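> return atomic coordinates for the entry below.
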Amino acid sequence: MWDAYLFNGYKPFLYNVTFDACKFLANVNSNPVINFFHESFTSFYNVNHTCPYNHDIIMEKLPIDFVNHRMSKVLPFPEGDYLVELRWIRAEPFYAIFKLYGTLS
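Coordinates of the predicted model:
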């Protein structure tokens with residue numbers, strides 16, 4: 001049973017990155033891993049200033065070809081199912097939880 005879990009499906013133990021988004025937005029070069037993803041989506045969402053954010057964050061018109069290029073050519077991720085979960089904490093409890101599911105094939 002564990003073999004199926006280890007070799008198929010989501011692997012939540014692979015990456016767990018914690019960072020302060022407000023500090024990151026003040027200095028985007030402070031975290032190269034997060035900056036890779038931030039640069040990937042900068043043209044498609046309205047996160048274009050530092051904190052505070054008191055409006056909706058909108059992502060739109062993100063071409064799948066662009067995502068495939070960034071995730072397979074620029075930084076080669078293996079094919080499979082992925083979950084990106086962002087937990088925005090302002091004070092306990094969570095302020096917002098964002099989950100993005102996708103398949104890279």
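> can you give me the end-to-end span of stretch 19-36?
One end of stretch 19-36 sits 14 Å from the other (Cα to Cα, to the nearest Å).
> what comes up buried for it?
By neighbour count on 16 or more other Cβ atoms under 10 Å, the buried set for stretch 19-36 is 21, 24-25, 31. (Each C-beta comes from the backbone N, C-alpha and C, glycine too.)
> cool, and stretch 65-77?
Residues of stretch 65-77 classed as buried: 70-71 (neighbour count, 16+ other Cβ under 10 Å).
> quick check: closest non-adjacent residue to residue 96.
Counting by Cβ to Cβ, 6 or more residues apart in numbering, residue 88 is the residue found nearest to residue 96 once chain neighbours are left out, at 4.3 Å.
> just residue 41 next, same as before
residue 59 (6.5 Å).
> how close does the residue nearest to the spatial centre of the chain get to residue 19?
By Cα atoms, centre = their mean, the mean C-alpha position of the chain lies nearest to residue 84, the distance being 5.3 Å. Plainly put, residue 84 is 14 Å away from residue 19 if you go by Cβ to Cβ, to the nearest Å.
> neighbours of residue 104, how many?
By the criterion of other Cβ atoms under 10 Å, residue 104 has 14 neighbours.
> measure it to residue 70 for me?
10 Å.
> again, but for residue 50
24 Å.
> same question for residue 87.
Separation of residue 87 from residue 70 (Cβ to Cβ): 23 Å.
> ditto for residue 30
Distance, residue 30 to residue 70, by Cβ to Cβ: 21 Å.
> these two touch, right, the residue nearest to the centre of the chain and residue 104?
No. Residue 84 lies out of contact with residue 104 (Cβ atoms under 8 Å); the separation is 11.7 Å.
> got the contact list for residue 60?
Contact analysis of residue 60 by Cβ atoms under 8 Å, 6 or more residues apart in numbering lists 44-45.
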